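1. Provided below for reference: sequence and predicted model.
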Amino acid sequence: VSEGEDEVQQLQKTLLDYLDKNTEIDASLVFSRKFYIAQWFRDTTMETEKAIKSQKDEDSSEGTHHAKDVETTGKIMHRAESRKMFLRSIIKTASSQFSTWKMKSDTVDYEDACLIVRYLASMRPFAQSFDIYLTQ
């Protein structure tokens with residue numbers, strides 16, 4: 001991961017590049033690419049809304065600001081905005097132009113793409129709370 005870039009965003013770039021390169025082989029990958037972009041945008045929006053809601057709940061229940069909580073919320077908001085800007089730039093970029101926006105790394109094969117998808121899926125809220133559901 002290059003300096004100043006989010007690890008998740010870097011993996012998203014890699015996966016989108018893989019999907020774009022293989023659309024000639026399987027046309028359904030065009031839908032997959034659009035689905036992932038939309039889902040990641042939705043996840044980022046939900047993360048932002050949760051941060052704002054938790055900040056408001058803490059403010060109303062305690063009446064005082066905790067510097068650490070404000071800083072954490074600020075970081076979440078900043079990261080969310082940078083991810084949204086990235087996804088908007090992907091949406092604006094035509095599919096054929098996206099393939100020219102290469103990664104510095106080697107191309108990703110099918111197994112690597114599956115591993116990236118599993119990792120990104122494990123970071124989703126349902127996957128993180130699955131143990132809680134099983135325990136209950």
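-> Cool, got the structure.

2. middle-most residue in the chain, spatially?
-> For the chain, the residue sitting closest to the mean C-alpha position, by Cα atoms, centre = their mean, is residue 40 at 4.6 Å.

3. low-scoring stretches of this protein, by residue?
-> Regions of the chain meeting the criterion pLDDT under 70 cover residues 1-5, 59-71, 94-106, 127-128.

4. please redo it, this time with the cut-off set to 90
-> Judged against pLDDT under 90, the low-scoring parts of the chain cover residues 1-10, 12-14, 17-31, 34, 43-136.

5. coming back round to it: now the residue nearest to the centre of the chain: which helix or strand?
-> Taking DSSP states H and E as the definition, one finds residue 40 inside helix 28-62.

6. for the helix or strand just after that helix, what is the distance to the chain centroid?
-> Scanning forward in sequence from helix 28-62, with DSSP H and E defining helices and strands, the next element found is helix 67-92. Taking Cα atoms, centre = their mean, to the nearest Å, one finds the center of helix 67-92 at 10 Å from the center of the full chain.

7. can you check what angle separates helix 67-92 from helix 28-62?
-> Compare the direction of helix 67-92 with that of helix 28-62 by axes from the mean of the first three to the mean of the last three Cα atoms, to 10 degrees and you get 160 degrees.

8. roughly how far apart are the residue nearest to the centre of the chain and residue 21?
-> In this structure, residue 40 and residue 21 are separated by 19 Å, where distance is defined by Cβ to Cβ, to the nearest Å. Backbone N, C-alpha and C define where each C-beta goes, glycine included.

9. hmm, back to that, the residue nearest to the centre of the chain: what's it in contact with?
-> Contact analysis of residue 40 by Cβ atoms under 8 Å, 6 or more residues apart in numbering lists 12, 83, 87.

10. check contacts around the second one.
-> What that stands for is residue 83. Shown here is residue 83, whose contacts under the criterion Cβ under 8 Å, 6+ apart are 6, 8, 9, 40, 44.

11. count the residues that sit near the third one.
-> Other residues within reach of residue 9 by the criterion other Cβ atoms under 10 Å amount to 16.

12. what's the answer for residue 41, then?
-> 17.

13. cool, residue 72 as well?
-> When counting by other Cβ under 10 Å, one arrives at 14 neighbours for residue 72.
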